[in-house]
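# everything below, folded, please.
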Amino acid sequence: MRGYVSIGIFFIGIILAAYIGYWTLFIKPIMVCVSASKAGALTSAMTTMTIIKCALSWLVAGVIFGLGYIAAMIVSHK
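Residues are numbered from 1 along each chain as shown. Predicted coordinates:
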């Protein structure tokens, strides 16, 4: 039973890392910048924040994945 819970926690960590790291911090800011550029409202602050978010998104995804892995290993430890 602990093995199934551990696998579930591991996959939840992967899904959260992909959603938060890839979608929320990488794809979404790029889409916002593209739409702001088309509307003529793109500012240097918006561009700078998008670059920072995209650069740090992989770090955030790695931390979330690591925490999910650690939690899964703690649960599966006998």
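
# how far away is residue 37 from residue 77?
Remark: distance between residue 37 and residue 77 (CB to CB, to the nearest Å) = 50 Å. Glycine gets a C-beta too; all of them are placed from N, C-alpha and C.

# could you measure from residue 77 over to residue 2?
In terms of CB to CB, residue 77 sits 8 Å off from residue 2.

# buried ones in the helix ranked longest in the chain, by neighbour count?
Determined from DSSP state H, the single longest helix within the chain is helix 44-76. Residues of helix 44-76 classed as buried: 50, 53, 57, 60, 61, 64, 65, 68, 72, 75 (neighbour count, 16 or more other CB atoms under 10 Å).

# the fifth one and residue 18 touch, don't they?
If I follow you right, that is residue 61. Yes: Residue 61 lies in contact with residue 18 (CB atoms under 8 Å); the separation is 7.1 Å.

# tell me the centre residue of this structure?
Centroid-nearest residue in the chain, with CA atoms, centre = their mean: residue 21, separated by 1.4 Å.

# any regions of the protein where pLDDT drops low?
78 (pLDDT under 70).

# returning to what we had before: looking at residue 37 and residue 77, which is more packed in?
Ranked by neighbour count (other CB atoms under 10 Å), residue 37 and residue 77 place residue 37 first, with 12 against 8.

# how far away is that one from residue 49?
Residue 37 is 14 Å from residue 49, by CB to CB.

# returning to what we had before: nearest to residue 9, of the buried residues of helix 44-76?
residue 72 (4.4 Å; CB to CB).

# any idea how far that closest one lies from residue 37?
To residue 37, residue 72 is 41 Å away according to CB to CB.

# over to residue 71?
Applying CB to CB to residue 71 and residue 37 gives a distance of 40 Å.

# same check, this time on residue 45
14 Å.

# please list all residues in contact with residue 69.
10, 13 (CB atoms under 8 Å, 6 or more residues apart in numbering).

# residue numbering should commence at 42 henceforth.
Sounds good: first residue 42 from here, last item residue 110.

# return the distance of it relative to residue 100.
To residue 100, residue 110 is 15 Å away according to CB to CB.

# many thanks, we can stop here.
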